[in-house]
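S.K.: Generate a structure from the sequence data that follows.
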Amino acid sequence: QVQLVESGGGLVQAGGSLSLSCAASGRAFRNFDMIWFRQAPGKEREFVAFISMSSLDIYYADSAKVRFTISRDDAKNTLNLQMRSLKPEDTAVYYCAAGNPGYGLRLRESGYPYWGQGTQVTVSS
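M.R.: Numbering: from 1, shown residues only. Modelled structure (predicted):
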């Protein structure tokens, strides 16, 4: 198993920036594909950004392209999400998740066995 803990959420004004982190412990972080999802109030959880185990494959949701950057630091067992030009519609609980490698981008939550507890991001207008 791998345990995941998100941090870095908070309240920010529209146009501002936040940097989220996901700290991993347990099984070797470097052996997993990693992904960020988010869930806004009253909405389904949605894909934000994905990075493969090798970091060679990176994908973003259309809403995150240009503004968000996903990265990983295997030496520090950390997944990051840098968010810029934030909009009120980015308000959500952001979750990191880990999945076994070799399957590419999976948009279904069921493709990722390990989840963090989430961190709240609130963007005020």
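S.K.: can you list contacts of the helix or strand where residue 94 lies?
M.R.: Here residue 94, judged by DSSP states H and E, is contained in strand 92-99. Strand 92-99 has contacts (C-beta atoms under 8 Å, 6 or more residues apart in numbering) with 2, 4, 6, 9, 20, 22, 24, 29, 32-41, 43, 45, 48, 79, 81, 106, 109, 111-121. Just so you know, the C-beta spots here come from the backbone N, C-alpha and C atoms, and that holds for glycine as well.
S.K.: which other helices and strands contact the helix or strand following it?
M.R.: Moving toward the C-terminus from strand 92-99, the first helix or strand encountered (DSSP H and E) is strand 114-115. Other helices and strands packing on strand 114-115, by 3 or more C-beta pairs under 8 Å, 6 or more residues apart in numbering; DSSP states H and E, are strand 2-7, strand 92-99.
S.K.: how about a cut-off of 6 Å?
M.R.: strand 92-99 (3 or more C-beta pairs under 6 Å, 6 or more residues apart in numbering; DSSP states H and E).
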